[in-house]
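Student: with the input below, show me the fold.
(chains A and B)
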Amino acid sequence: MADTPRPGPPPAQLLRRLRRGLFSSHLDTLITVVLAVVCGSGLWSLLHWALLQADWAVVQDNIRLYFNGNFPVSQIWRSWSWLGLLGVLCILTLMPSRLLPPAMVRLLPLFWVLILPIGLLLLAAGLGFEPVKSRFWGGLQLSLLLTLGTILMALPLGVLLALARRSSLPLLRWLTTGYIELMRGMPLIAVLFFGQLMIPLFLPEGWTFSRVLRAVLSLGFFMAAYMAEDVRGGLQSIPRTQLEAARSLGLSPLLTVALVELPQALRTALPALANQCVASLQNTSLLAYLGLIELLGISRSILANPDYLGRHLEVYLWLALVYWAVCILMTSLARRVERSLKVSDHH
Amino acid sequence: MAVFTTHHPLINEPDSLSPEDTLVSKRPAWRRKLLPILLQAGIGLLVLGAIALLLSNLQINLLRRGLELSFDWLGRPARFPLSRGLLPYQTEDSYAWAFAVGFANSLQVVVVGLILATMLGVIGGAASFSSNWLLRKLATLYVAVARNVPPLLHLLFWYVAVFLGFPAARGSVDALASWLRLPISVEFMALLIGLTVYTGAYIAEVVRGGINSVPRGQWEAARSLGFGEGRTLRLIILPQALRAILPGLNSQYINLAKNSTLAIAVGYSDIFSIANTTFNQTGRAIEAFVLLLGGFLAVNLLISGVMNLLNRLVLQRG
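Tutor: Take a look at the predicted model:
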């Protein structure tokens, strides 16, 4: 695309390009002028409001709440250090791999799996720290914890479901098909509602899970159905010659699945799976209505504070920015993984 | 033993690679037949056992609370207020009628929402192919922002920040309601706009993919026949892109229907909020959940049915 002018084009060329891009016909000129006026005035009033009328104290004074929730202040370094670790891991993953030692690159996936237990150790208890109950977890930290937990649960479960849906055993196929279609037909909030309020009804007396665990379980069972369909799409795209080749090499069925089918299927399904991961983050916001104080939930309680009466617009714009940034970060992480898989394919 | 004879399991059954049919397998035939049956029997027993265990727990728990499963309560008066909707409702009406009202409200927002979201999505998707630089960039910006913000935040933004924050916005909804003579509430509008903007961005991506799938030569041919940009798109490109667009649209429509349950955040009385209120009042979790599921099954089947019909029409004509 020739949208961005290269450094220092002659003015005549720039003018010509402008004319072609914005004023090539009467209709085009009209569209450009109307859009420019609408966008310009919109942007102007937004800036005017953001700089002069908005009171950003509701964001500035509560940064800790947005990021760490109600985590005890004396222990807050634990919460920050987990977020810090996560940030470092993101940076390491996004860095060009030739800048990192090869051993590190190979260990990155392991680190991504380990970051969740490390987070639980750091946040909950263990390592000789003072235990912090899960109802004190909140803010972005809880949203990320829920997202990671959901992905780490839903991905393996989704792979198993996808394999089972293609199994040669009819009963297994019917059961998994039924499960996947039922889950995909239900709204998420109904599943979460079921998880938070109705799971206790199905358990023997005295068995309880924490709210956070129940949330991860419901989100995980929900997302697994969607991921299963993406993985199944990947499995279907594998040419049959691959299976014949594996068979003629004498690979057992289990090894064929593990070494031939799944790696290719997952690579094909990666963009779709990445979208599901972003959706998992967005899904955690629903838990604000089921008693969890994740990012949206904590914002609701901040807005309920009479000191910040009517500061909704500021808070929602700030939340939109945070969610947007994390989603973009997740998307670029996925692109990075996709690219590195493509590169290794050529070797 | 099936070893590269005419009875090649890979060719006869493309989707099933049973462990017993492979080259390396040296098991006798009876084991090859029996093992899957035993395996399935085991799985079946396991699943049945788990279900039985859960149901017996449920029965014990419900008995303890004095709430045996029944739908008798549906006839009793609901006694909770609902926001204005298409169907008339008073607090003396029964729970059953409240569910019907909620279902109608859901259907109303889903149907209007998917029409508007389709319009927005087609405009957004087509705009990313415009020759106008500003229009193209705006379409990209819209998709990038709307998709990366949770739908719930969209709804809250429109409801709390726009409609409750600006009296003028509220006034215009009332004006619209009296002009159309329809019971349009602020809650309905917030839900509708939020769902439209969020789903519209996804539909724009579907439409963009569909337009991309039409060969470039079609654009050039239309141009050389003297068609303008707008007419090329409307008469030549979109009809061909429709084939690729329809399956994607179907899943976005079902997503819109499912996301309409976020109505609970803006206080619109959709079927989920009725189920939720019913549960809070009566403690009838299972029954309310079953009714909710039934409602959703109906909506999903309705959308899929209509879309399949459309799909057949498009395929017949093309």
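Student: look at the closest residue to A:Ala154 other than its chain neighbours and report its pLDDT.
Tutor: Of all residues not flanking A:Ala154 in the chain, A:Met223 sits nearest, at 3.7 Å (Cβ to Cβ, 6 or more residues apart in numbering or on different chains). For glycine as for every other residue, the C-beta is placed from the backbone atoms N, C-alpha and C. With respect to pLDDT, A:Met223 has a value of 96.
Student: repeat for B:Phe157
Tutor: Listed pLDDT for B:Phe157 reads 93.
Student: my guess is it meets B:Leu191, correct?
Tutor: No - with contact defined as Cβ atoms under 8 Å, B:Phe157 does not count as touching B:Leu191 (12.0 Å).
Student: the two - which one has more neighbours?
Tutor: More neighbours surround B:Leu191 than the other of B:Phe157 and B:Leu191, with 29 against 23 (other Cβ atoms under 10 Å in any protein chain shown).
Student: quick check: mean pLDDT of the helix or strand hosting that one?
Tutor: Assigned by DSSP states H and E, B:Leu191 falls within helix B:186-212. Across helix B:186-212, the average pLDDT comes to 95.
Student: mind listing what's buried in the helix or strand following that helix?
Tutor: Per DSSP H and E, the first helix or strand lying C-terminal to helix B:186-212 is helix B:216-224. By 16 or more other Cβ atoms under 10 Å in any protein chain shown, the buried positions in helix B:216-224 come out as B:219, B:222.
Student: return the distance of helix B:216-224 from the chain's centre.
Tutor: Distance, stretch centre to chain centre, for helix B:216-224: 36 Å (Cα atoms, centre = their mean, to the nearest Å).
Student: is it in proximity to chain A?
Tutor: No - using Cβ under 8 Å from any Cβ of the partner chain, helix B:216-224 stays clear of chain A, with a minimum separation of 13.1 Å.
Student: mind listing what's buried in whichever helix or strand comes after that helix?
Tutor: As assigned by DSSP H and E, the chain's next helix or strand after helix B:216-224 is helix B:229-231. Residues B:Glu229 are the ones in helix B:229-231 that count as buried (16+ other Cβ under 10 Å).
Student: identify the residues contacting helix B:229-231?
Tutor: Residues from elsewhere that reach helix B:229-231 (Cβ atoms under 8 Å, 6 or more residues apart in numbering or on different chains): A:27, B:130-131, B:222.
Student: by contact count, what packs against the helix holding B:Leu191?
Tutor: helix B:95-127, helix B:133-147, helix B:151-156, helix B:167-180, helix B:238-259 (3 or more Cβ pairs under 8 Å, 6 or more residues apart in numbering or on different chains; DSSP states H and E).
Student: most packed of those?
Tutor: Most buried of these, by mean neighbour count (mean count of other Cβ atoms under 10 Å in any protein chain shown): helix B:151-156, with a mean of 26.
Student: would you reformat the helices and strands packed on helix B:186-212 as JSON lines and include distance to chain A?
Tutor: Output for these, formatted as JSON lines (distance: least, Cβ to the nearest Cβ, whole Å):
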{"stretch": "helix B:95-127", "distance to chain A": "10"}
{"stretch": "helix B:133-147", "distance to chain A": "4"}
{"stretch": "helix B:151-156", "distance to chain A": "5"}
{"stretch": "helix B:167-180", "distance to chain A": "12"}
{"stretch": "helix B:238-259", "distance to chain A": "4"}
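Student: out of these, which gets nearest to A:Arg232?
Tutor: Smallest distance to A:Arg232 across the helices and strands packed on helix B:186-212 (Cβ to Cβ): 14.5 Å, for helix B:238-259.
Student: so which elements touch the closest one?
Tutor: Against helix B:238-259 (3+ Cβ pairs under 8 Å, 6+ apart) you get helix B:95-127, helix B:186-212, helix B:285-317.
Student: name the residue closest to the centre of chain B, please.
Tutor: Of all residues in chain B, the one closest to the mean position by Cα atoms, centre = their mean is B:Ile254, 1.9 Å from it.
Student: please report how far it lies from B:Gly125.
Tutor: According to Cβ to Cβ, to the nearest Å, B:Ile254 stands 19 Å off from B:Gly125.
Student: tell me how many other residues crowd the closest residue to chain B within the stretch 101-250 of chain A.
Tutor: In the stretch 101-250 of chain A, no residue comes nearer to chain B than A:Ser168, which is 3.4 Å away by Cβ to the nearest Cβ. A:Ser168: 17 surrounding residues under other Cβ under 10 Å.
Student: same deal with the one 10 residues further on?
Tutor: For A:Gly178, the neighbour count with other Cβ under 10 Å is 10.
Student: can you tell me the element it falls in?
Tutor: helix A:170-185.
Student: report the angle between that helix and helix B:285-317.
Tutor: 90 degrees (axes from the mean of the first three to the mean of the last three Cα atoms, to 10 degrees).
Student: got the contact list for helix A:170-185?
Tutor: Taking Cβ under 8 Å, 6+ apart as the rule, helix A:170-185 contacts A:161, A:164-167, A:191, A:221-222, A:224-226, A:228-229, B:40, B:43-44, B:47, B:254, B:296-297, B:300.
Student: next: stretch B:55-75.
Tutor: Contacts of stretch B:55-75 (Cβ under 8 Å, 6+ apart): A:200-205, B:94-96, B:99, B:282-284, B:286-287.
Student: stretch A:265-282 now?
Tutor: By Cβ under 8 Å, 6+ apart, stretch A:265-282 touches A:143-144, A:147, A:150-151, A:154-155, A:159, A:162, A:219, A:223, A:226-227, A:230-231, A:233-235, A:237-238, A:323, A:326-327, A:330-331, A:334-335, A:337-338, A:341, A:345, B:148-151.
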